[in-house]
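Participant: What shape does this take:
(2 chains)
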Amino acid sequence: MAATTLEPASVDGDTFLDSNELVLNMGPQHPSTHGVLRVILKLDGETVLGTDCVIGYLHRGVEKIAEDRTYQQFAPYVDRMDYVAAVSNGLGYCMAVEKLLDVEIPERAQCVRVILTELNRVASHLLWLGTHALDIGAITPVFLCFREREEVLKIFEKYCGARLTTHAFRIGGLQYETYDTFEKDCVAFCDLMEEKVKEYHDLLTGNRIWVKRTTGVGILTAEDCKAYGVTGPLLRAAGVAWDLRKAQPYCGYEKYDFEIPTREGADTFDRYIVRMREMEQSCRIIRQAVDALPSGPIKGKVAKVIKPPPGEAYVSIEAPKGELGYYVVSDGSLKPYRVRVRPPSFVNLAALDKMCRGSLVADVVAIIGTIDIVLGEVDR
Amino acid sequence: MPSAPWEGSLPAAIKERFGDGIEGAVLLGGQKLLTVGLPSAAGVLASLRDDHGFDYLVDVTAVHWPKRERPFDIVWILYSFAANERIRVKTTAADGEAVPSVTGLYNSADWLEREAFDMFGVRFEGHPDLRRILMPDEWDGYPLRKEYGILQQDGAWVRENLKIESAQ
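Facilitator: Residues are numbered from 1 along each chain as shown, chains lettered A, B, ... in the order given. Now for the predicted structure:
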């Protein structure tokens, strides 16, 4: 959280009257900033000359809390960072600790992890699509998206009792065996989704207002993405077919047949198309994982008291928003010595200024939406 | 953790160029880790980007070891899209010692260095705008330092700005 460095170019005497430059505050209480994000805009008329983000309103000191909890006690906290993709957060953390412990995770647990993480990816993208469309002025999609997202949350609820902050995984595998109709529910959801994605396309893809509001808006080229460390759908919409599930497979993703959707335009519209296709690809993975779901144990050989040997590990996964990494340092005690979260939302949001420069004020709302941030993760 | 020497052309080239500046190149649990002296850090990072294709700065962070002579570990995590390779570069710094900023090499360093400064008080020299990012500007203390208590807060700031006795 910090005050702005953006000042009007000239505030004295006559030049001020000639100038159209203006500093405008947006947020933190603003419906389209998806939480408590404050953006200070420097404008020339309707054109954005620069932005400055003020963040930290939701800072809870997650990394500090980690140092005061045991490894297992900290696991539920990570769900509260990116709370619309809690399963991904949990997966990354568990994998980092498992790396320190050097344990093997049973096949069945890996497979269920893939299914739940992909379901969560669809849920996260659905929430993004609904709210992003709402920001731009299309009201209908949000109702449809929440309708379908509900089906994912029902599966989560049946599986572990929680809908959002699921704490679905445990260090070493899973806590719960799947319920009786788990496979059937997952396949039914894929059937439903594949149908509904077409419906979203009908609503938006050919919609002239939608196309006009998103095409050419918030361009971030592949080079810029790399320079700013931007990953996830933003990078893929810039034509880079990079996805950690393919680049450095984990949880057995190498066994599944799926594509990395890419586009060349690197604008808001292309990111929309990339995310839509990703939802379809996720359904494809879920179907394969359900078919291949092996029987067997769901938890690896992990002691009741988790005490990794001194050392450090960095493990990252492809979260719905980009590369989510955990850098965990152990000093051999019961509590992590340091847990560093490499949040995709935080890093991607840093590119907002680059994307907004030269665009119109109304486009800032579209650009914040297209980055797909969750302030819980930005501020931690 | 199992640790093995990291052999190969990359550590060899770096060692040849920076000599004593490189303190170690190991595979820690299979992950590539390069330990460098603080004076060589800027050169190593620039060389990794320009000569070895590490074009994506994943993260910049710090770890506080208060009992050590040089209490801060500064960690850079780099990735190369071309080689699909990830490495960590680590150095140590004394309290208040200037650490070179990599904002000139990677735009992503801007916010990441601000966060490390905010949480640990690590001074990144050459950063264009090193100010707090998550905590309020006037906050006293660096929360992720080990001596900073889990319930500690800047009481004066809380009373003045939130008009309450305690934020706990």
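
Participant: Could I get the phi/psi values of residue B:101?
Facilitator: Backbone torsions of residue B:101, given as degrees, to the nearest 10, read phi -80, psi 140.

Participant: touching chain A at all, the helix or strand containing residue B:158?
Facilitator: Using DSSP states H and E, residue B:158 maps to helix B:155-162. No - on the criterion Cβ under 8 Å from any Cβ of the partner chain, helix B:155-162 is out of touch with chain A, staying 10.8 Å away. The C-beta positions use only the backbone N, C-alpha and C, and glycine is treated the same way.

Participant: how far does that helix sit from the chain's center?
Facilitator: Distance of helix B:155-162 from the chain centroid (Cα atoms, centre = their mean, to the nearest Å) equals 30 Å.

Participant: May I have that helix as CSV, with CA atoms only?
Facilitator: This file holds the C-alpha atoms of helix B:155-162, laid out as CSV (Å, rounded to 0.1, in the frame of the first residue of the first chain):
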residue,chain,number,x,y,z
GLY,B,155,0.7,0.4,17.5
ALA,B,156,1.2,4.0,16.8
TRP,B,157,0.1,3.6,13.1
VAL,B,158,-2.9,1.6,14.1
ARG,B,159,-4.1,4.1,16.7
GLU,B,160,-3.5,7.1,14.4
ASN,B,161,-5.0,5.6,11.2
LEU,B,162,-7.6,3.1,12.3
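
Participant: which parts of that helix are buried?
Facilitator: By neighbour count on 16 or more other Cβ atoms under 10 Å in any protein chain shown, the buried set for helix B:155-162 is B:157, B:158.

Participant: Show me what that helix is in contact with.
Facilitator: Applying Cβ atoms under 8 Å, 6 or more residues apart in numbering or on different chains, the set of residues contacting helix B:155-162 from outside is B:136, B:138, B:139, B:140, B:164, B:165, B:166, B:167.

Participant: near chain A, which of these show up?
Facilitator: When Cβ under 8 Å from any Cβ is applied, the members of those adjacent to chain A are residue B:136.

Participant: quick one: which of the contacts of helix B:155-162 is nearest to chain A?
Facilitator: In terms of Cβ to the nearest Cβ, no member of those lies closer to chain A than residue B:136, at 5.0 Å.

Participant: domains of chain B?
Facilitator: Chain B breaks down into these domains under automatic domain parsing: B:3-134, B:142-168.

Participant: Distance to residue A:264 added to these, as CSV?
Facilitator: CSV is the format used below for the domains of chain B (distance: least, Cβ to Cβ, whole Å):
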stretch, distance to residue A:264
domain B:3-134, 17
domain B:142-168, 41
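
Participant: rank those by mean pLDDT and give me the bottom one.
Facilitator: The minimum mean pLDDT among the domains of chain B belongs to domain B:142-168 (a mean of 86).

Participant: mind listing the strands in chain B by residue range?
Facilitator: Secondary structure of chain B (DSSP state E): strands located at B:3-5, B:22-28, B:31-36, B:56-64, B:72-80, B:85-93, B:98-100, B:123-125.

Participant: which helices and strands does the fourth one pack with?
Facilitator: Same thing as strand B:56-64. Counting contacts by 3 or more Cβ pairs under 8 Å, 6 or more residues apart in numbering or on different chains; DSSP states H and E, strand B:56-64 packs against strand A:322-330, strand A:338-342, strand B:72-80, helix B:109-120.

Participant: chain center to it, what's the gap?
Facilitator: 4 Å.

Participant: For it, buried residues please.
Facilitator: For strand B:56-64, by 16+ other Cβ under 10 Å, it's B:56, B:57, B:58, B:59, B:60, B:61, B:62, B:63, B:64.

Participant: Could you check how far the third one is from residue B:76?
Facilitator: The spacing between residue B:58 and residue B:76, counted by Cβ to Cβ, to the nearest Å, is 8 Å.

Participant: try residue A:138
Facilitator: Residue A:138 is 42 Å from residue B:76, by Cβ to Cβ.

Participant: neighbour-wise, which of those two wins?
Facilitator: A side-by-side neighbour count of residue A:138 and residue B:76, using other Cβ atoms under 10 Å in any protein chain shown, places residue B:76 first with 25 against 18.

Participant: mind listing what that one touches?
Facilitator: Each residue near residue B:76 by Cβ under 8 Å, 6+ apart is listed here: B:45, B:57, B:59, B:60, B:88, B:89, B:90, B:102.

Participant: show me the contacts for the second one.
Facilitator: Counting by Cβ under 8 Å, 6+ apart, residue B:57 touches A:229, B:76, B:77, B:78, B:102, B:105, B:106, B:108, B:109, B:112.

Participant: Out of those, who's the most crowded?
Facilitator: In terms of neighbours by other Cβ under 10 Å, those top out with residue A:229 at 30 neighbours.

Participant: Over to the nearest residue to that one once chain neighbours are set aside: give its phi and psi.
Facilitator: The shortest distance from residue A:229 to any non-neighbouring residue, by Cβ to Cβ, 6 or more residues apart in numbering or on different chains, is to residue B:108 (3.2 Å). Residue B:108 adopts backbone torsions of phi -70, psi -20, taken as degrees, to the nearest 10.

Participant: Help me confirm that residue A:42 comes into contact with residue A:20.
Facilitator: No - checked against Cβ atoms under 8 Å, the pair residue A:42 and residue A:20 is beyond contact range at 11.2 Å.

Participant: Against residue A:49, how distant is the nearest residue to residue A:370 once chain neighbours are set aside?
Facilitator: Leaving out its chain neighbours, the residue that sits closest to residue A:370 by Cβ to Cβ, 6+ apart is residue A:268, at 4.3 Å. Using Cβ to Cβ, one gets 20 Å for the distance from residue A:268 to residue A:49.
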